[in-house]
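Novice: The following block contains a protein sequence and its predicted model.
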Amino acid sequence: MNRKINLIFATALVILVFVASGFQVYALEEKSYKEKAELTVKIAENACLRLGNLINMTKANATAMQAIQDAGLMEDFEGNVSLYESGKGLLFEAMVKISNGDYSGAINAMIRAMETFRNAIRGIMRILAQAGIEKGGLPKAQGILVAVNRALERIDRIEKILPEGAEDIKELLNQAKSLLNVDEITQLLQQGNATGAAHRLAEANKLINEAFKALRTKAEEKMAERMNRFCEKLEKRLGEILENITEKGFNATDILKNHNMSEFRESLNQLKEGLLKGKITWKGALPQLERLQRVFEDFNRKAAVELQPKVEEGNPAIEVTVEKNTRGATVLLIVTVKNVGDAIVQFPNSAYGIIIEKKEGEQWVFAYAPISAQVIIELKPGQNGHVTITLNQLENGHYRVYVNGWSKISMAPVKATVEFSIP
């Protein structure tokens, strides 16, 4: 019987932590009103479910109810049960508002529901403590309840990113959810069968891990396919450039030779073959693909310069500076690119063609490229642009920001670098 009383106290602690964390999640998320409302509904529903389980567990435990009665706290206990019912009413009100598209009103109702649940759980915890129901040795039961909740959240995250047709993964997750049935696990813990509850949790985690591995395999296969298609796209674009060169009366073979594009083709073919045969993982292929894309874009611009009549222009030049802020393992870079010449400079994307390179020995190797819109942008003389880059868990070492652009008139390459260190 003491086990059941201990479990009641532990469940109360878990719910209080859960409800408190719910407000933090809501405050940190920067989402639309609809997304905020849906997120808060989920948090409130989980809090409502767990608070309801706590109340039912307490009522089902004769020893606990007698202790509350003997302490003269039964009226207080029933008052907190009424608070719980009021919270359920606010939760239902919020759901109705969401269905009607009143997301702002839904959020307000949901926050009131969460506050009501929080007050109820605090009241019940106070009653349990005053009735002499001690925590005792409950870490195991408390840990199981917390772990079950985390496992269910993990399933939810995996389900949100499942690709179409992943029925095998869905089946694994459904089996795991069946094992993680909160009511059934709570019943096992009420019966003092923590071993049985822990076994169900362990089996569910095995299924979740299996599902995640299957999802990762599918993602890697998909990524390899996309990279192979990108290689084919580069080949096609190179062919179009060579046709254009030939049509304008130039010797395509000589131009390829002058720019070492035979090596580019060989590297591209080797990369495609490695991806198709599984000799290269998509992670291993990514730096190579980034490098080949830069080589191709550089050739494309230089070839365009050679095909155009010479045009008089000023002196294209850029300058790059970086401000570094470190927070734990995260490094925040604020990069400023300034046109310090007297000609317009263009860039291949909204991040000004920036890449981050790391120095290894005497060489600079690719480390990171910020995600950016693939649109040509330009800086006029005297203008500057800013890019904020977040780097997570990069190794300590010496790095540089490499900015790559070209003159709008002559297409001549314009480059600049600035170095920094981590930490």
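Specialist: Structure's in. What do you need? Numbering: from 1, shown residues only.
Novice: Residue 262: how many residues sit nearby?
Specialist: 11 (other Cβ atoms under 10 Å). To be clear about C-beta, it is placed using only N, CA and C from the backbone, and glycine gets the same treatment.
Novice: Now do residue 280 against residue 273, distance only.
Specialist: 9 Å (Cβ to Cβ, to the nearest Å).
Novice: neighbour count winner among those two?
Specialist: Between residue 280 and residue 273, counted using other Cβ under 10 Å, the more crowded position is residue 280 (19 against 13).
Novice: okay, that one: pLDDT?
Specialist: Per-residue confidence for residue 280 comes out at a pLDDT of 72.
Novice: same question, residue 312
Specialist: For residue 312, the predicted pLDDT is 53.
Novice: any idea of the mean pLDDT for stretch 388-396?
Specialist: Mean predicted lDDT for stretch 388-396 stands at 83.
Novice: Output the below-cut-off pLDDT ranges for the protein.
Specialist: Low-confidence segments of the chain (pLDDT under 70): 1-33, 60-61, 133-143, 190, 282, 305-314.
Novice: in the helix or strand encompassing residue 189, what's buried?
Specialist: Using DSSP states H and E, residue 189 maps to helix 182-190. Within helix 182-190, the residues that qualify as buried are 185-190, counting by 16 or more other Cβ atoms under 10 Å.
Novice: Among those residues, which one lies nearest to residue 43?
Specialist: The closest of these to residue 43 turns out to be residue 186 (Cβ to Cβ; 19.3 Å).
Novice: list the contacts for residue 119?
Specialist: Counting by Cβ atoms under 8 Å, 6 or more residues apart in numbering, residue 119 touches 80, 83.
Novice: go again using 7 Å as the cut-off
Specialist: Applying Cβ atoms under 7 Å, 6 or more residues apart in numbering to residue 119 gives the contacts residue 83.
Novice: For it, which three-state class applies?
Specialist: With DSSP: H, G, I helix; E, B strand; the rest coil as the basis, the three-state label of residue 119 is helix.
Novice: pull the CA atoms of stretch 153-172 into CSV?
Specialist: The C-alpha coordinates for stretch 153-172 follow below in CSV (Å, rounded to 0.1, in the frame of the first residue of the first chain):
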residue,chain,number,x,y,z
GLU,A,153,7.1,13.1,-27.5
ARG,A,154,9.9,11.4,-29.5
ILE,A,155,7.3,9.4,-31.4
ASP,A,156,5.4,12.6,-32.2
ARG,A,157,8.6,14.2,-33.5
ILE,A,158,9.3,11.2,-35.8
GLU,A,159,5.7,11.1,-37.1
LYS,A,160,5.9,14.8,-38.2
ILE,A,161,8.9,14.1,-40.5
LEU,A,162,7.8,10.7,-41.9
PRO,A,163,7.9,10.6,-45.8
GLU,A,164,4.9,9.3,-47.7
GLY,A,165,4.7,5.5,-48.0
ALA,A,166,6.6,4.8,-44.8
GLU,A,167,4.1,2.3,-43.6
ASP,A,168,6.7,0.0,-42.1
ILE,A,169,7.9,2.9,-39.8
LYS,A,170,4.3,3.8,-38.9
GLU,A,171,3.6,0.3,-37.8
LEU,A,172,6.7,0.3,-35.5
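Novice: how far away is residue 301 from residue 353?
Specialist: On the measure of Cβ to Cβ, residue 301 and residue 353 end up 11 Å apart.
Novice: So which of these two has more stuff around it?
Specialist: A count of neighbours by other Cβ under 10 Å puts residue 353 above the other of residue 301 and residue 353, at 22 against 19.
Novice: Does the more buried one touch residue 403 like I think?
Specialist: Yes. Shown here, residue 353 and residue 403 form a contact pair, counting by Cβ atoms under 7 Å, at 5.9 Å.
Novice: Skip ahead from the helix holding residue 189 and say which helix or strand is next.
Specialist: Next element after helix 182-190 (DSSP H and E): helix 194-247.
Novice: by contact count, what packs against that next one?
Specialist: If contacts are counted by 3 or more Cβ pairs under 7 Å, 6 or more residues apart in numbering; DSSP states H and E, helix 194-247 sits against helix 139-160, helix 167-179, helix 182-190, helix 252-258, helix 261-276, helix 282-307.
Novice: sorry, back to before: could the buried residues of helix 182-190 go into CSV alongside distance to residue 318?
Specialist: What follows is those, written out as CSV (distance: Cβ to Cβ, whole Å):
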residue, distance to residue 318
185, 61
186, 64
187, 68
188, 66
189, 65
190, 69
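Novice: Can you name the residues that contact the closest residue to residue 188 other than its chain neighbours?
Specialist: Counting by Cβ to Cβ, 6 or more residues apart in numbering, residue 188 lies nearest to residue 197, which is 4.3 Å off, once chain neighbours are set aside. The contact partners of residue 197, by Cβ under 7 Å, 6+ apart, come to 144, 185, 188-189.
Novice: hmm, who's touching stretch 156-173?
Specialist: Residues contacting stretch 156-173 (Cβ under 7 Å, 6+ apart): 155, 207, 210-212, 214-215, 218.
Novice: 6 Å instead, please
Specialist: With Cβ atoms under 6 Å, 6 or more residues apart in numbering as the test, stretch 156-173 has contacts from 155, 207, 210-211, 214-215.
Novice: Looking at neighbours, which among those residues is most surrounded?
Specialist: Compared across these, residue 211 has the highest neighbour count, 25 neighbours, by other Cβ under 10 Å.
Novice: Between the buried residues of helix 182-190, which sits nearest residue 86?
Specialist: Using Cβ to Cβ, residue 186 comes nearest to residue 86 of those, at 23.0 Å.
Novice: Can you report how many residues neighbour residue 104?
Specialist: As a burial measure, residue 104 scores 12 neighbours (other Cβ under 10 Å).
Novice: how close does it sit to residue 389?
Specialist: Distance of residue 104 to residue 389, given as Cβ to Cβ: 35 Å.
Novice: if we can go back for a sec, who are the packing partners of the helix holding residue 189?
Specialist: Where contact means 3 or more Cβ pairs under 6 Å, 6 or more residues apart in numbering; DSSP states H and E, helix 182-190 is packed against helix 194-247.
Novice: angle of the helix it packs on against helix 139-160?
Specialist: Between helix 194-247 and helix 139-160, the angle comes out at 30 degrees (axes from the mean of the first three to the mean of the last three Cα atoms, to 10 degrees).
Novice: returning to what we had before: biggest separation within the contacts of residue 197, which pair?
Specialist: Across these, no pair lies farther apart than 144 and 188, at 9.0 Å, counting by Cβ to Cβ.
Novice: quick one: residue 264 from residue 387, how far?
Specialist: Distance of residue 264 to residue 387, computed by Cβ to Cβ: 28 Å.
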